[in-house]
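**Q** here you go, sequence then predicted model.
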Amino acid sequence: METALETDQLGKRYGNTWALRDCSLHLPAGRIAALVGPNGAGKSTLLHMAVGLLRPDAGTVRVFGETPYDNTAALAEIGFVAQDTPLYRDFTAGELVTMGGKLNRRWDGTLARTRLAQLGIPPDKPVGKLSGGQRAQVALALALAKRPRLLLLDEPVASLDPLARREFLQALMGSVAESGTTVLLSSHLLADLERVCDYLIVLHGARVRLVGPVEDLVAEHRQLVGPRHGDDPIPGVASVVRASHTDRQSTLLVRTDGPIGDTSWAAHEVTLEDVILGYLADGDRPTSNEAWGVPA
Amino acid sequence: MIWLVWRQHRKQALFALAALAALAALVVPTGLTMRGAFADLGLPDCVRTLGKAGPANNETCLTAFQQFNDEYQGFLLVGILFLVLPLLVGLFWGAPLVAREVEHGTHRLVWTQGVSRRQWALAKFGLVGAATLVIAVGYGLGIGWWLGPLNSAGQRNRFDPLFFDMQGAVPVGYTLFAVALGILVGTVWPRVLPAMAGTLVGFLGLRVVLATLARPRYLPAETLTFPIQGTAVAPRETASDWVLASGVRNASGELVVRGGSIECPPNATGPGAAGCGTGLGVEPGAYNWQLYQPADRFWLFQGIETGIFVALAVLLVYLAVRRIRRIA
Amino acid sequence: MIEFVLDGRSKVNTYVQLVQQVKQALRVGLLSPGDQLPKVRDVAQALAINPNTVLKAYRELVIEGLAEGRPGVGTFVTRTLAGASLPNQAELRADLVAWLHRAQAAGLTTEDVTALVETTIRATLPVDPAAHLPA
């Protein structure tokens, strides 16, 4: 299967801090992938390298086999909607569509105009005067008018109200169904992801924690509840993602590689959200009781 | 790209044109009045004879010059406004060019279309630079024309710091430099207000440093010596030379009087029948000394200074283009 | 043409919900052979779901022989589930209503009835592959 996005040992450093490190993943074409992680996990950094805004400090990133940095040919295949959907606020939506036509060799202005007309967005009003949801729709229409093979969206719905968020996702899903574009969208909102995305990339602390098709990931993970557990291996468990213990009982989120062999464990199926939260919560959290002056 | 640059900056362009029109509305009538007065007082003739006989020998001319200068000296204050123009262009055209894009995040929109960042920068800087050049040449010529009579009336030296700076070719150099500086500061500090502040400080700093420290040394200055007795007028003053330093040196060459000259008519004596200047501690054998840049170097100096600023502008734009590649 | 709805709180996989809704419509005669199923694009947009999910549901229906894809046109129903059972349904339903009244009289709550029906189905009827899609 064709690979839309592929990174190998990709890294980006700001000063002495790695914003992204040892990032190796590949995204098959035709997927709608979620890029999940807390703020500052490196989501934007990864997207910016994928769209050629940033040059990697380590490793490689390829979009349909091409290095995107300083490469307008690769850029033509990528649609990008940056965080907070930046637009020239004094331009009208119509002028922005015209602008896209001037700046791109391949440009479907009719597609953009049709979409915006269907959404009831006025063509002659400065986009700065539109609502946040409408602006996001304009940005999406501009990105889609490039007829990209890979669409990158950086927190597209984070700042939208629930109705606008739903309308945005509807528009996105409808156009993806038409174009077959591969999509990578970053989000720290887990709601909607399960319905929208069929591929998952979890970033945490500048590193990739989990990559794969949603269906497989959900099927592979189980929550085990059983007697207090030491460190001894459980048959069928490939790795323990997260563990919490009381004095008698242990609750484990595990990645399985076969049926759970030990009958003393009750295995529960998990949702996508459970899996994501399990991977996001696994970092060591230093307690700050002392700093707050409260007893531990 | 041309469409985009025009669409993005048309407001600024129209604003600049309006400002130029306002400037013209001020400059044209006052300039015409000045020229009228200059002609009415018969000064063009005086200027023509100036080189030969010198105004001191012509009482009518002297009074006429006096009268003209009394009337229009105040206009020089207006001229100071023109000194600020290059800076304003740098602040309002240069500084926001990249800084506003990054501040609003729109660089991520425009740099992810099918145009490379280098093309974007060249189109944008090129067109804004060209517009700057046109505007700068426009007001440079306008101010030059306006200053003509004041120049000829001559009490002011063309090398005078403010006077030198507002006419000829240098305003063009300053303006291009200010815009380039604004662009570069905007890439280093991509917020509009800090970029403007940085441009302001950088521009004024470099201008002051160059004007006070470098300009007198563009070419080795010439020296002139003349006796303290027997000369009526310090010879170079009237010829619009730029006197950098002057004084009186004694026979062995030491500077005994700083900043000035002693000029006594032939055979005159000081108080108490002493020799000329003895009261100031000047002994026989002393002579007047002047360090100066000759008046005919005016255009050469204009050229040198313009060249420096244009070269700096090119360098800054080059750095800005390089810097842009690292912004995300 | 039918319209899909999703139960957001349901733990049932989205594509399974779509398959079940088509089957339900086939059973009650809302869809019959020759009818076109909603276009993938329209379903994806209306429900804001991944189009691959819709495709998967339709593929499932094709595999089960209930529908067929016509390239460039859409997906069409080929078989009905109402079949022979439809005429019998009224009679069976009457029996069920009578039985439910008896259950109620015996003091069973709705939950008790549901649980009883489910366990009995599991115990007596052979496993229907369509009802056992991975959840």
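**A** Everything's here; your move.
**Q** for the chain, which helix is longest?
**A** All of this is about chain A. Using DSSP state H, we find that the single longest helix of chain A is helix A:162-179.
**Q** if you could check chain C rather than the one you did, that'd help
**A** helix C:85-105.
**Q** give me the helices and strands touching that one, please.
**A** With contacts taken as 3 or more CB pairs under 8 Å, 6 or more residues apart in numbering or on different chains; DSSP states H and E, helix C:85-105 sits against helix C:110-124. Where you see a C-beta, it was placed from the backbone N, CA and C, and this is true even at glycine.
**Q** ok, residues contacting the helix it packs on?
**A** Residues outside helix C:110-124 that contact it (CB atoms under 8 Å, 6 or more residues apart in numbering or on different chains) are C:100, C:103, C:108.
**Q** ok, now which ones touch the last one?
**A** Taking CB under 8 Å, 6+ apart, we find C:Leu108 in contact with C:Leu116.
**Q** apply 10 Å and report the result again.
**A** C:100, C:102, C:114-116 (CB atoms under 10 Å, 6 or more residues apart in numbering or on different chains).
**Q** buried residues, the longest helix of chain A. List them.
**A** Residues of helix A:162-179 classed as buried: A:164-179 (neighbour count, 16 or more other CB atoms under 10 Å in any protein chain shown).
**Q** wondering if stretch A:232-242 reaches chain C at all.
**A** No: Stretch A:232-242 does not reach chain C (CB under 10 Å from any CB of the partner chain); its nearest approach is 17.8 Å.
**Q** apologies, that question was intended for stretch A:171-186.
**A** Yes: for stretch A:171-186 and chain C, the contact criterion (CB under 10 Å from any CB) is met by A:171-180, A:183.
**Q** and the residue of chain A nearest chain C?
**A** A:Gly174 (3.0 Å; CB to the nearest CB).
**Q** how about the nearest residue to that residue, chain neighbours excluded?
**A** Spatially, and ignoring its direct neighbours in sequence, A:Gly174 is nearest to C:Gln45 (3.0 Å; CB to CB, 6 or more residues apart in numbering or on different chains).
**Q** check which helix or strand that neighbour maps to.
**A** In the assignment (DSSP states H and E), C:Gln45 maps to helix C:40-47.
**Q** which SSE is immediately downstream of that helix?
**A** The helix or strand immediately downstream of helix C:40-47 is helix C:51-63, counting by DSSP H and E.
**Q** for residue 32, grab the count of nearby residues.
**A** Answering for chain A, as no chain was given. 26 (other CB atoms under 10 Å in any protein chain shown).
**Q** the chain in question should be chain C.
**A** C:Ser32, neighbours per other CB under 10 Å, totals 12.
**Q** what sits against the closest residue in space to it that isn't next to it in sequence?
**A** Spatially, and ignoring its direct neighbours in sequence, C:Ser32 is nearest to C:Thr80 (5.4 Å; CB to CB, 6+ apart). Contacts for C:Thr80 (CB under 10 Å, 6+ apart) come out as C:25-27, C:29, C:31-33, C:35, C:66, C:86.
**Q** over to A:His221?
**A** Neighbours of A:His221 in contact, by CB under 10 Å, 6+ apart: A:210, A:238, A:241, A:253-256, A:269-272, A:274-275, A:278-279.
**Q** mind listing the residues bridging to it?
**A** A:Arg255 (DSSP bridges).
**Q** do the same with C:Gly74
**A** Residues in beta-bridge contact with C:Gly74 (DSSP bridges): C:Arg70.
**Q** that one against C:Pro38, yeah?
**A** Yes: under the criterion of CB atoms under 10 Å, C:Gly74 is in contact with C:Pro38, at a separation of 8.4 Å.
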